[in-house]
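Participant: what follows is a predicted protein model with its sequence.
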Amino acid sequence: MDYIQIFNAAAEVEAIAPGRVNLLGEHTDYNDGFVLPTAIPQQTRVAIGHSPNDRHHIYSAELEEWIDIHPIKTSHTKPEGFARYVYGCIRVLETAGYDVPPLNVFVTSAVPIGAGLSSSAALEVATLRGLRSLLHLEIDDVKIAQLGQQAEIQYAGVSCGILDQMASSLADTEHMLFLDTRTLERQIVPFPAGAAIVVIDSGVARSLAASGYNQRRAECEEAAKQLGVKALRDVPDPQAAAALPELLRKRARHVITENNRVLQARDGVAADEFGQLMNDSHASLRDDYEVSIAALDHLVELLQQTPGVFGARLTGAGFGGACVALVTKGQSEAIATHVLEAYNHDGFDGRILVV
């Protein structure tokens, strides 16, 4: 199905945005820290036109779902599912003072849902890009990311940082994007020489809002408060967390060491060193941040034991989703196929996402 088949008219604008995979810097963005994502080839496409009546009409091709929403600005009704991200983008624009007329919105996406590759951010950025074009709005790519973040926080109930939306809005597939999430200072960083990435979905979906994501954020805020700093990014030495209660000490130690790993990678390291940073990151996410699960640990272990793999870790918030590995360039497909076969042989249902 396409826009014309659904709405019996041609779309007025189309916009796209990619998913992302985070190589280092997990759970650091809402701590004002540092991240190192890259865009993935899979994209979300949004086609938009004016509605013929007083309703927003939103359709997802993959889900085959149609949602009608009354655009009255005083309405407190929030749609469920995928439409909440689109509606959230409309509402944050209206809150920012822009007038948004009733719309037809057609969504199609190749970004896997529930795999930790920011399908929601890709939908938000694509929607906002489309609205920028349709309504001739003077908003840049950074502002698009910030509006997308607010849409997710306010309308999807996820207290996310800015990582996903900034990566979807600004990153490309040929480089890594170093981002200071406090200042929004950013830098394009090359991949380590002779290296490429592989992303494999564990087959275990996860929902951020229903997981421990918001709980982890609250724990980090409490740790920062007890340490007397605005955010954990202000603590460069993990030993500074030693006086905290055990749970908060573990959470803070992950964030502090993860920030240090991103800064080390940004300054340029060889592929084997970068891989070790990824391995250390996974161990920290597993042991100190406690967001890994058995399936992710097993998939990471298989990757780390495979010749040609420099390092591997879970990517995204955890509790399911995907793993990313840094591998020898030219061997991506062979490595991914080998690891997936072994992983699925052990009773899992994974799939290759990026090679």
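Facilitator: Cool, got the structure. Residues are numbered from 1 along each chain as shown.

Participant: centre of the chain to the lengthiest strand in the chain, how far?
Facilitator: In the chain, assigned by DSSP state E, the strand with the most residues is strand 34-50. Relative to the centre of its chain, strand 34-50 is centred 10 Å away, using CA atoms, centre = their mean, to the nearest Å.

Participant: tell me what that strand is packed against?
Facilitator: Counting contacts by 3 or more CB pairs under 8 Å, 6 or more residues apart in numbering; DSSP states H and E, strand 34-50 packs against helix 3-7, strand 13-24, strand 103-109, helix 119-135, helix 163-170, strand 176-180, helix 246-266, strand 351-354. (Each C-beta comes from the backbone N, C-alpha and C, glycine too.)

Participant: how about the contacts made by Phe310?
Facilitator: Applying CB atoms under 8 Å, 6 or more residues apart in numbering to Phe310 gives the contacts Pro192, Ala195, Ala271, Asp272, Phe274, Gly275, Gln276, Met278, Ala325, Leu326, Val327, Thr328.

Participant: same thing but 6 Å
Facilitator: Ala271, Asp272, Gly275, Leu326 (CB atoms under 6 Å, 6 or more residues apart in numbering).

Participant: among those residues, who's most crowded?
Facilitator: Leu326 (26 neighbours; other CB atoms under 10 Å).

Participant: touching, that residue and Gly275? I think so.
Facilitator: Yes: the pair Leu326 / Gly275 is scored as a contact, 5.0 Å apart, by CB atoms under 6 Å.

Participant: hang on, the earlier thing: the helices and strands packed on strand 34-50: which one's closest to Pro79?
Facilitator: Closest approach to Pro79 among the helices and strands packed on strand 34-50 (CB to CB): strand 103-109, 11.6 Å.

Participant: now do the closest one against helix 119-135, angle only.
Facilitator: Inter-element angle recorded for strand 103-109 and helix 119-135: 140 degrees (by axes from the mean of the first three to the mean of the last three CA atoms, to 10 degrees).

Participant: what separates stretch 270-286 from the chain centre, distance-wise?
Facilitator: Going by CA atoms, centre = their mean, where stretch 270-286 is centred and where its chain is centred differ by 19 Å.

Participant: report the buried residues of it.
Facilitator: Residues of stretch 270-286 classed as buried under the neighbour-count rule (16 or more other CB atoms under 10 Å) are 271, 274-286.

Participant: which of the residues you listed sits closest to Met166?
Facilitator: Among the buried residues of stretch 270-286, and counting by CB to CB, the member closest to Met166 is Ser281, at 19.4 Å.

Participant: before we move on, the earlier item: which one of the buried residues of stretch 270-286 is nearest Ala252?
Facilitator: The closest of the buried residues of stretch 270-286, once distances to Ala252 are taken by CB to CB, is Ser284, at 11.3 Å.

Participant: tell me the first helix or strand C-terminal of the strand or helix carrying the closest one.
Facilitator: In the assignment (DSSP states H and E), Ser284 maps to helix 271-287. Per DSSP H and E, helix 271-287 leads on to helix 294-304 as the next helix or strand towards the C-terminus.

Participant: what number of residues lie near the nearest residue to Thr173 once chain neighbours are set aside?
Facilitator: Of all residues not flanking Thr173 in the chain, Ala39 sits nearest, at 4.9 Å (CB to CB, 6 or more residues apart in numbering). Using other CB under 10 Å, Ala39 has 24 other residues around it.

Participant: what bridges to Ala39?
Facilitator: Arg20 (DSSP bridges).

Participant: Ser60 versus that one, what's the distance?
Facilitator: Separation of Ala39 from Ser60 (CB to CB, to the nearest Å): 22 Å.

Participant: next one: Leu285
Facilitator: 31 Å.

Participant: swap in Phe310?
Facilitator: According to CB to CB, Phe310 stands 37 Å off from Ser60.

Participant: equivalent analysis for Pro307, please.
Facilitator: Pro307 is 41 Å from Ser60, by CB to CB.

Participant: which one's more surrounded, the two?
Facilitator: More neighbours surround Ser60 than the other of Pro307 and Ser60, with 20 against 9 (other CB under 10 Å).

Participant: so what's the backbone phi/psi at that one?
Facilitator: Backbone torsions of Ser60, given as degrees, to the nearest 10, read phi -110, psi 120.

Participant: so what's it up against?
Facilitator: Per CB under 6 Å, 6+ apart, neighbours of Ser60: Phe82, Val107.

Participant: which regions of the stretch 1-150 of the chain lie under the pLDDT threshold?
Facilitator: Per-residue confidence for the stretch 1-150 of the chain (pLDDT under 70) gives these ranges: 72-77.
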